[in-house]
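K.L.:
Attaching a predicted model along with its sequence, questions to come.
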Amino acid sequence: MTYRMGKKWSFFKEAVKNIRTTGAIASSSPALAKRLVAALPADRPVNIVELGPGDGSITHAILERIHPGSKVTAFEINPSFVAELANIGDDRLEVLAVGAERLTEYFAPGSVDFVISSLPLSMIPQEVKEEILRQTRIVLGATGQFRQYQYALQDYSLLKDYFHRVSVSYTLANLPPAFVYSCMMGG
């Protein structure tokens, strides 16, 4: 209990300092994390990219769910969160202290199965947001999936511009409640 409260307080302090890049006031809830990772297969290895993992609440859920042969690469620009993620100690996780708009520098076209994003899209400049989505499309395989959560639906039409199928679900069990986008490459 004390550890979790300390983690929540640590996230809150970091969020207040860097609200434009953190985009939240609280760590993602277990219910939100479960919804984000629900599509990840546990029966076969997959290549996963996590964008904006923050303190690792979604990262932990990913690592708990996936196959031992899977690989997770996290893109995080906040140095405090990079240090926290480095302490997870799972060989399947690689943490890169670079922005999400550099995906294609690290991954070949079609080499990623899932992109799980906690990026605060509404706070990212439009041209950077579009570059992130463009590069996400490039690195995802033909059956790849992009999963993103947000607190409002303002980027729904933008996601439809980049992905053939976009569905939205909702969870009240998060602070604040969140929409989860599931975006597929194939039609």
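P.N.:
Yep, that arrived. In this text, all values refer to a predicted model and were calculated from it rather than measured experimentally. Numbers count the residues shown, from 1 in each chain.
K.L.:
And for residue 132, the neighbour number?
P.N.:
24 (other Cβ atoms under 10 Å). All C-beta spots, glycine's among them, are computed from the backbone N, C-alpha and C.
K.L.:
ditto for residue 141
P.N.:
Number of residues near residue 141 (other Cβ under 10 Å) recorded here: 16.
K.L.:
With residue 65 instead?
P.N.:
That count, for residue 65 with other Cβ under 10 Å as the rule, works out to 18.
K.L.:
next one: residue 88
P.N.:
Neighbour number of residue 88 under other Cβ under 10 Å is 16.
K.L.:
and if you look at the one 4 residues further on?
P.N.:
Using other Cβ under 10 Å, residue 92 is surrounded by 17 other residues.
K.L.:
what's near enough to touch it?
P.N.:
63, 66, 68, 70, 71, 72 (Cβ atoms under 8 Å, 6 or more residues apart in numbering).
K.L.:
Identify, from those, the entry nearest to residue 150.
P.N.:
Among the contacts of residue 92, residue 72 lies closest to residue 150 (Cβ to Cβ), at 21.4 Å.
K.L.:
what about residue 89, which SS state?
P.N.:
Under DSSP: H, G, I helix; E, B strand; the rest coil, the three-state class of residue 89 is coil.
K.L.:
and it, how far is that from residue 109?
P.N.:
31 Å (Cβ to Cβ, to the nearest Å).
K.L.:
sorry, back to before: so of the contacts of residue 92, which two are at opposite extremes in space?
P.N.:
Across those (Cβ to Cβ), the longest gap, 12.0 Å, separates 68 and 72.
K.L.:
Neighbour count for residue 89 and residue 109, which is higher?
P.N.:
Higher neighbour count among residue 89 and residue 109: residue 109, with 12 against 6, using other Cβ under 10 Å.
K.L.:
element containing the residue lying closest to the more buried one once chain neighbours are set aside?
P.N.:
Of all residues not flanking residue 109 in the chain, residue 138 sits nearest, at 5.1 Å (Cβ to Cβ, 6 or more residues apart in numbering). Taking DSSP states H and E as the definition, residue 138 sits inside helix 126-139.
K.L.:
and what of residue 41?
P.N.:
When elements are assigned from DSSP H and E, residue 41 belongs to no helix and no strand.
K.L.:
can you count the residues close to the closest residue in space to residue 63 that isn't next to it in sequence?
P.N.:
Nearest non-adjacent residue to residue 63, counting by Cβ to Cβ, 6+ apart: residue 90, 5.2 Å away. Neighbours of residue 90 under the rule other Cβ under 10 Å: 12.
K.L.:
How about residue 31?
P.N.:
That count, for residue 31 with other Cβ under 10 Å as the rule, works out to 14.
K.L.:
That one and residue 65, how far apart?
P.N.:
14 Å.
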